[in-house]
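[1] pasting a predicted model and its sequence here:
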Amino acid sequence: MKRTFLLSAFAIVVTASSLSAQTNPVVIRAGSLIDGKGGMQTNVAIVVQDSKIVRIEPARAGVTYDLSTQTVMPGLIDTHTHIFDHFNRSNGRLHTANEPETLEQTQGMIERVQARWADFGYSWWSFIELATGDVVGAGCIQNLRRGDSPLPDRSCPLEIGWRLRRDRWHQGLATEAAHAMSAFAFDELNATELFAVCDPDNAASASVMRRLGMDSLGLDTWYGHALATYRIAADAWRARRAAADLG
């Protein structure tokens, strides 16, 4: 299946609007880079200028983000979000183009996500369109939380989540995104089960979850809200993947 995005294990694109005026390049050192075309490189530097990847080069000193113990890989994304991520926690108002997150808030989010990768081995990824180099969305594997809090809860099951820039909605990308993230959860993290949740009225996300083979568990309370909850076990997911490979 053709890949159209680069998935990168850093969080800068979650709030990319505050960095849109970037002039100095951002250099990301990657321990491994899967290019989405069948190749793999190790110990490289990804140079990002004005929110676009401009080149890949050998790793060097003076990088902006050191991901030398992590992998940058292909991925896809579609719209899915957790409500609190879109609000300014200092005043409760929705972030907009006229009132984006500040640079300090963005840097704080980056630091939290980097800490989650170091402590948990999973968190948020950035999604970069290979054809244009544009940052177009983000996705995550994380532990669900009962309350509306940013703090992780290891006692809760893993979920996949995804979001996409509005101009990339409704292009049929969500199913492939869910498969890519599920593969990471089951193959790399050895997860025994995987959840996904959405607003009860979000028929599009629920349809993606069903196409992934997830079973509906009805409504349950996550993030302080009653959300439609879906689940798939590792053996069921692997059986579906094997059947798809044979077909």
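    Everything's here; your move.
[2] what are the boundaries of the strands in this structure?
    Using DSSP state E, the strands of the chain run over 5-8, 26-34, 40-49, 52-58, 65-74, 124-129, 135-143, 158-164, 193-198, 215-222, 225-233.
[3] what would those strands look like in JSON lines with distance to residue 209 and mean neighbour count?
    (Glycine included, C-beta is placed from N, CA and C.) Putting the strands of the chain into JSON lines (distance: least, C-beta to C-beta, whole Å; neighbours: other C-beta atoms under 10 Å) gives the following:
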{"stretch": "strand 5-8", "distance to residue 209": "20", "mean neighbour count": "26"}
{"stretch": "strand 26-34", "distance to residue 209": "26", "mean neighbour count": "20"}
{"stretch": "strand 40-49", "distance to residue 209": "30", "mean neighbour count": "17"}
{"stretch": "strand 52-58", "distance to residue 209": "31", "mean neighbour count": "13"}
{"stretch": "strand 65-74", "distance to residue 209": "22", "mean neighbour count": "19"}
{"stretch": "strand 124-129", "distance to residue 209": "19", "mean neighbour count": "25"}
{"stretch": "strand 135-143", "distance to residue 209": "14", "mean neighbour count": "23"}
{"stretch": "strand 158-164", "distance to residue 209": "9", "mean neighbour count": "24"}
{"stretch": "strand 193-198", "distance to residue 209": "5", "mean neighbour count": "23"}
{"stretch": "strand 215-222", "distance to residue 209": "8", "mean neighbour count": "13"}
{"stretch": "strand 225-233", "distance to residue 209": "4", "mean neighbour count": "19"}
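[4] for residue 150, find the nearest of these.
    Smallest distance to residue 150 across these (C-beta to C-beta): 10.4 Å, for strand 135-143.
[5] can you show me the CA trace of the closest one as PDB?
    Taking C-alpha atoms only, strand 135-143 is exported to PDB below (Å, rounded to 0.1, in the frame of the first residue of the first chain):
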ATOM      1  CA  VAL A 135       3.200  18.900   8.400                       C
ATOM      2  CA  VAL A 136      -0.400  17.600   8.100                       C
ATOM      3  CA  GLY A 137      -1.300  15.900  11.400                       C
ATOM      4  CA  ALA A 138      -0.300  13.800  14.400                       C
ATOM      5  CA  GLY A 139      -1.200  10.500  15.900                       C
ATOM      6  CA  CYS A 140      -0.600   8.700  19.200                       C
ATOM      7  CA  ILE A 141      -0.500   5.500  21.100                       C
ATOM      8  CA  GLN A 142      -1.100   6.300  24.700                       C
ATOM      9  CA  ASN A 143      -2.900   5.000  27.800                       C
END
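[6] if we can go back for a sec, rank the strands of the chain by pLDDT, which is bottom?
    Set side by side, those give their lowest mean pLDDT on strand 5-8, at a mean of 56.
[7] now for the top helix by length along the chain, which elements pack on it?
    Longest helix in the chain, counting residues (DSSP state H): helix 103-120. Using 3 or more C-beta pairs under 8 Å, 6 or more residues apart in numbering; DSSP states H and E as the contact test, the elements touching helix 103-120 are strand 65-74.
[8] in its sheet, what does the strand it packs on sit against?
    strand 5-8 (antiparallel), strand 26-34 (parallel) (DSSP bridges).
[9] if we can go back for a sec, of all the strands of the chain, which one is nearest residue 117?
    Nearest of the strands of the chain to residue 117, taken as C-beta to C-beta: strand 65-74 at 6.4 Å.
[10] quick one: the closest one to helix 103-120, angle?
    Calculated by axes from the mean of the first three to the mean of the last three C-alpha atoms, to 10 degrees, strand 65-74 forms an angle of 70 degrees with helix 103-120.
[11] how far away is residue 113 from residue 223?
    For residue 113, the distance to residue 223 equals 17 Å [C-beta to C-beta, to the nearest Å].
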